[in-house]
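Participant: How does the following fold in three dimensions:
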Amino acid sequence: MGHRGLASPRSRLRRRTRMIQPPERGDRIGRYRVDNLIKAGGMASIYRATDVLSGARVAIKIPRPELEADALFFDRFHREAAIGRKLDHPGVVKVLPAEDDRRVSMVMEWVEGRPLRDLLNEQKRLSPERAGRIALRICDALAYIHEHGVVHRDLKPDNVMIDDQDRVKLIDFGIAREAGARRLTFAKLTKSMGTPDYISPEQVKGKRGDARSDIYAMGVIFYEMLTGEVPFRGPNDVVAMNQRLLSDQPPANDVDGEIPAPLREIIRRALERDPARRYGSARSFARDLAHPEEIELSPATGPIEIPRREHAPKLTLAYLALVLIPVALFALLLVIASHRQ
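Facilitator: Next up, the predicted model:
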């Protein structure tokens, strides 16, 4: 989105939204000529366009006409553009100046490749080496945005672009949060918490989410790249989200027993229910991905020790005692009560 358009006072929003008809091929938005529609979403559409001065291709995001006049949506759109202009990293999509305040729009660099989601739909699961390489690059981009005070909050394969050399770019900062920014609400943004399959336990509880929520989502993505499925599933989104509040993630080797133990340990650390027990930063996540041979395995990840047969009777008696203690106490209370009558 253009700098002048978004930086204009709110009082100018009404004037800009008079021109709400979707653009057609050949229309000009500042120095950019619209080529064709790429994607029509529930909130906005993405168009491919050409910079008439340089000849470079760009992407232009334009809100749906019925949302352009919504002040809260405008604030969110403004925030997304401001975040995009602030960030400058090869793994993050860059927002460019539009130099046109007649239409609410956001101009971004053109990103080659396709969503990681398309790759996963095609390949189902990736080799540990490739999954680790892609995850490392995503974590590097995450570390950059976190260190610049930005939390993505909707990290998922659909919002990661990947090219034929496995280079990545994070896209769609529509519900991202910037440190110190005031909280905004918008009734029509039903996904303001994130996407159900990738949402963190604390976000399920209604919290805003921070950098550790992005780390959790990255853990889900890594799990999915290695196994071909997400760790928590259910007949509907509510069931799937509640599962992560009630249970730990299923071990990745339950799905694929050939996943190396260090990678299973990385997943375990990223998907801890308690944010305080997750990776403290995307940098530490990336460090383990880069040097899995140095990871110290936890008991939860290492091999499970099966009790020796000769100890089995003792263990059985111990478990039986634990069960019988409350029963005995309850019986004793009944006896005492009967004597008092």
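Participant: can you give me the helices for the chain?
Facilitator: Along the chain, counting by DSSP state H, helices occupy 3-7, 13-16, 71-86, 116-123, 128-147, 201-204, 211-227, 237-246, 261-270, 282-290, 312-340.
Participant: Of all those, which one is nearest W110?
Facilitator: W110 lies closest, by CB to CB, to one member of these: helix 71-86, at 13.8 Å. Backbone N, C-alpha and C define where each C-beta goes, glycine included.
Participant: Now do that closest one: distance to the chain's middle.
Facilitator: In terms of CA atoms, centre = their mean, to the nearest Å, the centre of helix 71-86 is set 19 Å apart from its chain centre.
Participant: quick one on the thing from earlier: reformat the helices of the chain as a markdown table; add mean neighbour count and mean pLDDT.
Facilitator: Shown next, in a markdown table, are the helices of the chain (neighbours: other CB atoms under 10 Å; pLDDT from 0 to 100):
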| stretch | mean neighbour count | mean pLDDT |
| --- | --- | --- |
| helix 3-7 | 18 | 43 |
| helix 13-16 | 14 | 49 |
| helix 71-86 | 19 | 88 |
| helix 116-123 | 15 | 97 |
| helix 128-147 | 20 | 98 |
| helix 201-204 | 19 | 91 |
| helix 211-227 | 25 | 96 |
| helix 237-246 | 15 | 83 |
| helix 261-270 | 21 | 94 |
| helix 282-290 | 20 | 98 |
| helix 312-340 | 9 | 40 |
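Participant: With distance to A179 as added columns, please give these in CSV.
Facilitator: As requested, the helices of the chain are exported to CSV (distance: least, CB to CB, whole Å):
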stretch, distance to A179
helix 3-7, 20
helix 13-16, 26
helix 71-86, 11
helix 116-123, 27
helix 128-147, 10
helix 201-204, 17
helix 211-227, 10
helix 237-246, 26
helix 261-270, 22
helix 282-290, 15
helix 312-340, 49
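Participant: Quick check: which of those helices is nearest to V34?
Facilitator: Taking CB to CB, helix 3-7 is the member of these nearest to V34, at 15.9 Å.
Participant: Now do the contacts for I162.
Facilitator: Contacts for I162 (CB atoms under 8 Å, 6 or more residues apart in numbering) come out as G113, R114, P115, L116, L119, I134, V168.
Participant: of all the residues you listed, which comes closest to H78?
Facilitator: Nearest member of those to H78, counting by CB to CB, is P115, at 25.1 Å.
Participant: Surely the closest one and D158 touch.
Facilitator: Yes - using CB atoms under 8 Å, P115 is in contact with D158, at 5.3 Å.
Participant: quick one: terminal-to-terminal distance for stretch 108-120?
Facilitator: Distance between the boundary residues of stretch 108-120 (CA to CA, to the nearest Å) amounts to 25 Å.
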